[in-house]
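Q: how would this look folded up:
(one chain, ligands or ions: 1)
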Amino acid sequence: MSAPNIETIVSLAKRRGFVFPSSEIYGGLASAWDYGPLGVELCNNVKQAWWRWMVYERDDMEGLDSSIILNRLVWKYSGHEDTFSDPLVDCRDCNSRLRADKLGYLPSDEELRGQLAGDAIAKAIRERRLGCPNCGAKNLTEPRPFNLMFRTHVGAAAEDDPSSLVYLRPETAQGIFINFANVLTSSRRKLPFGIAQIGKSFRNEVTPGNFIFRTREFEQMEMEYFVRPGEDEQVHQEWIDSCFNWFTSLGISASNLRLYEQPKEELAHYAKRTVDVQYRFFPEREEEERQWDELMGIANRSDFDLRTHSKKPEDAEGRRLNPDSTEDLSYFDEATKERFYPYVIEPAAGVNRTVLSVLMDAYSEKTNDKGEARVILKLHPTLSPIKAAILPLAKNKPEIVGMAKAIKRFLQPVLRAVYDDTGGIGKLYARQDEIGTPLCVTVDHQSLEDEAVTVRDRDTWEQERVKVSELQEYLLNRLRA
Ligand code: ATP
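A: Residues are numbered from 1 along each chain as shown. The predicted structure is shown next:
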């Protein structure tokens, strides 16, 4: 079982302190969300799991944390100033502002012949074959490009001084490309190797929404893997398979994941091939094809990035293609004595979309012996915000309370544990089940005599008696299993 829709998660997330609507006391801010006490733990656990898998468990990886605000020229040569835009249309009847490519119109093969999907959609709008989903009127304006980069100014310069203009990064990838030579030299790496980075990105999305699925501020986990041209296709396929498996290793059901091969008309200008890992974010939609959306993109970016940021390449007349760069980002292969621009394979995932997919996938309901429906969040223990809750059976017995608090303090250096005595035991268990805590430890009257506690499992509700002296080791083993 998984969540029937995103709304189920929105209310659970607010009630239990995973995610709150941002700036709520001032009326909110559209599509901005704040991560609460449990949400921040879940995000951190997702990022740690990714970093461990991507960086620590491999021999060919380095990490990086680059600036959010970069020299504007980075975005000029990456192509973002010219092409990082969405096609915007307005409805002349109800004044809605929409993305032309999200109107739900899939051009037929016949229509696509010889033209891009965007052009076929523009033609359909012009011929009034497409309507506005909000009011139904077939009265849309021509699509026009809307650049998604947030602009701001550095220093005390006047706002209209063009030399002070900078952008908030719309992806973390460019920070990696411009540091390629720095990392290569300082780490003495040889191809193939990768550079991984986690960090915030910003896009002034035309139509944000669906909770944390599409927001204007979000976090990405990106890795750029540098390979010899010719080895790119096979390495790309290996990363596609490995990324899909990473999501299932987090406990996401394979039946809610699929790979989507981007058709030629959808590919970014630099991409040779891109495959998305999609999650079933919208199970409530009748049409199966509309249930899926992107969780992660895995692109073969060719040698576009290192080439475009290099001072070296020249056109036929000997003019430098990039007169501003001071560095050549090509690679010299000692073995073959050849110099070339490496190809780049890029697995790029969103932290927030991963959080949403693990929450949706972990959601389940179970009926207790009183016939009441209980929510159980079957999160993978690695991701659970709290690993163990220490609960006293009687909160008016100082010896029991004292022992429970001592156990919590003894566990907290090695795992995230909490103490709770604000309800009866049934209620305390139900609360922990609902936030995905895999194990509850109960201290009862008997514990004072036999120095043992009851460990209860979130998913099976089975209980086991464990000696306090063996508890730490026992819990760690259970969490690893
Ligand atoms: P989409 O087509 O949904 O706009 P994209 O193809 O532009 O996404 P990429 O540029 O490939 O996205 O970014 C990599 C990942 O970053 C995405 O797979 C997604 O998980 C995440 N991401 C991108 N844009 C957003 C956003 N506005 N809000 C939340 N996550 C995002």
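
Q: so what's the residue nearest in space to the middle of the chain bridging to?
A: Taking Cα atoms, centre = their mean, the centroid of the chain lies closest to G350, which sits 1.9 Å from it. Taking DSSP bridges, one obtains Q220 as the residues bridged to G350.

Q: That one and M296 touch, don't they?
A: Yes: the pair G350 / M296 is scored as a contact, 7.3 Å apart, by Cβ atoms under 8 Å. Every C-beta, even on glycine, is put in place using the N, C-alpha and C of the backbone.

Q: picking that back up, could you list every residue that touches the residue nearest to the centre of the chain?
A: With contact taken as Cβ atoms under 8 Å, 6 or more residues apart in numbering, G350 is in contact with 218-221, 295-296.

Q: any chance of those in TSV, with neighbour count too?
A: Below are the contacts of G350 laid out as TSV (neighbours: other Cβ atoms under 10 Å):
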residue	neighbour count
F218	20
E219	21
Q220	21
M221	22
L295	24
M296	25
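
Q: Tell me the one of the residues you listed nearest the ligand?
A: F218 (3.5 Å; Cβ to the nearest ligand atom).

Q: E219 and S201 touch, don't they?
A: Yes: between E219 and S201 there is a contact under Cβ under 8 Å: 7.2 Å.

Q: Tell me if L98 really is in a helix.
A: No: under DSSP: H, G, I helix; E, B strand; the rest coil, L98 sits outside any helix and is assigned strand.

Q: Helices of the stretch 201-350 of the chain, start to end?
A: 232-249, 304-308 (DSSP state H, counting those that start in this stretch).

Q: Which elements pack onto the first one?
A: Read it as helix 232-249. Helices and strands touching helix 232-249, by 3 or more Cβ pairs under 8 Å, 6 or more residues apart in numbering; DSSP states H and E, are strand 217-227, strand 257-261, strand 273-279, strand 293-300, strand 343-350.

Q: so what's the closest residue to the ligand within the chain scoring on pLDDT?
A: Closest to the ligand within the chain is G350: 2.4 Å, counting by Cβ to the nearest ligand atom. Note on G350: pLDDT of 98.

Q: how near is it to W50?
A: 11 Å (Cβ to Cβ, to the nearest Å).

Q: Need the overlap of contacts for those two.
A: M221.

Q: ranking the helices of the stretch 201-350 of the chain by burial, who's on top?
A: helix 304-308 (a mean of 22; mean count of other Cβ atoms under 10 Å).

Q: for the record, mean pLDDT for that one?
A: For helix 304-308, mean pLDDT rounds to 96.

Q: just stretch 134-153 next, same as before
A: 92.

Q: With stretch 62-76 instead?
A: 97.

Q: Would you agree L98 is in contact with V89?
A: Yes: taking contacts as Cβ under 8 Å, L98 lies within contact range of V89: 5.4 Å.

Q: out of those two, which sits in the busier spot?
A: Ranked by neighbour count (other Cβ atoms under 10 Å), L98 and V89 place V89 first, with 24 against 21.

Q: Then the more buried one would be within a strand, right?
A: Yes: read with three-state DSSP, V89 is one of the residues of a strand.

Q: In contact with N71, which residues are there?
A: V166.

Q: Can you pull the residues of this structure lying near the ligand?
A: By Cβ under 6 Å from any ligand atom, the residues of the chain that approach the ligand are 171, 203, 205, 214-215, 218, 220, 294-297, 348-350, 352-353.

Q: from the residues you listed, which has minimum pLDDT?
A: Lowest pLDDT among these: E205, with 93.

Q: Would you mind measuring from it to R280?
A: 22 Å.

Q: Of those two, which one has the most company?
A: For E205 and R280, the more surrounded residue by other Cβ under 10 Å is R280, and the numbers stand at 21 against 17.

Q: That one touches L295, doesn't it?
A: No: with contact defined as Cβ under 8 Å, R280 does not count as touching L295 (9.9 Å).

Q: Please state the offset of the helix or strand of the chain with the lowest mean pLDDT from the chain centre?
A: Taking mean pLDDT, DSSP states H and E as the measure, the chain has helix 109-112 as its least confident helix or strand, at a mean of 80. Counting by Cα atoms, centre = their mean, to the nearest Å, helix 109-112 is centred 33 Å from the centre of its parent chain.

Q: now L479, nearest residue through space, not along the chain?
A: P381 (4.5 Å; Cβ to Cβ, 6 or more residues apart in numbering).

Q: what's the helix or strand for the one you found?
A: Assignment of secondary structure by DSSP states H and E places P381 within no helix or strand.

Q: Can you report how many residues neighbour the closest residue to S66 other than its chain neighbours?
A: Nearest non-adjacent residue to S66, counting by Cβ to Cβ, 6+ apart: G175, 2.8 Å away. G175 is flanked by 21 other residues according to other Cβ under 10 Å.

Q: G175: what's it in contact with?
A: Shown in contact with G175 (Cβ under 8 Å, 6+ apart): 64, 66-67, 70, 169, 197, 199.

Q: Minimum distance to Y260: which of the helices of the stretch 201-350 of the chain has it?
A: helix 232-249 (10.7 Å; Cβ to Cβ).

Q: what's next to stretch 185-200, contact-wise?
A: If you take Cβ under 8 Å, 6+ apart as the criterion, stretch 185-200 is touched by 47, 50-51, 54-55, 58, 60-66, 68, 172, 175-176, 179-180, 183, 217-228, 231, 235, 331, 333-334, 342, 351.

Q: Please enumerate the shared neighbours of R280 and L295.
A: Counting by Cβ under 8 Å, 6+ apart, the residues touching both R280 and L295 are L257.

Q: Count the neighbours of N139 for me.
A: 15.

Q: Give me the buried positions along stretch 198-212.
A: Neighbour counts using 16 or more other Cβ atoms under 10 Å place 198-199, 201-203, 205-206, 208, 210-212 of stretch 198-212 among the buried residues.

Q: Which pair in those residues has the greatest spatial separation?
A: Spatial extent of the buried residues of stretch 198-212 (Cβ to Cβ) is set by the pair I198 and V206 at 25.9 Å.

Q: Distance of E41 relative to F193?
A: Separation of E41 from F193 (Cβ to Cβ): 32 Å.

Q: sorry, back to before: give the PyMOL command for selecting the buried subset of the contacts of stretch 185-200.
A: Under the burial definition 16+ other Cβ under 10 Å, those of the contacts of stretch 185-200 that qualify are selected in PyMOL by:
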select buried, resi 47+50+51+54+55+61+62+64+66+172+175+176+179+180+183+217+218+219+220+221+222+223+224+225+226+227+228+235+331+342+351
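
Q: ok so, going back, mind giving me the packing neighbours of the least confident helix or strand of the chain?
A: By 3+ Cβ pairs under 8 Å, 6+ apart, helix 109-112 packs against helix 117-126.

Q: counting contacts, what elements does the following helix or strand past the helix it packs on pack onto?
A: Of the helices and strands lying after helix 117-126 in sequence (DSSP H and E), the nearest is strand 144-147. Applying 3+ Cβ pairs under 8 Å, 6+ apart, one finds that strand 144-147 contacts strand 85-90.

Q: got the angle for the strand it packs on vs helix 117-126?
A: Here the directions of strand 85-90 and helix 117-126 differ by 10 degrees (axes from the mean of the first three to the mean of the last three Cα atoms, to 10 degrees).
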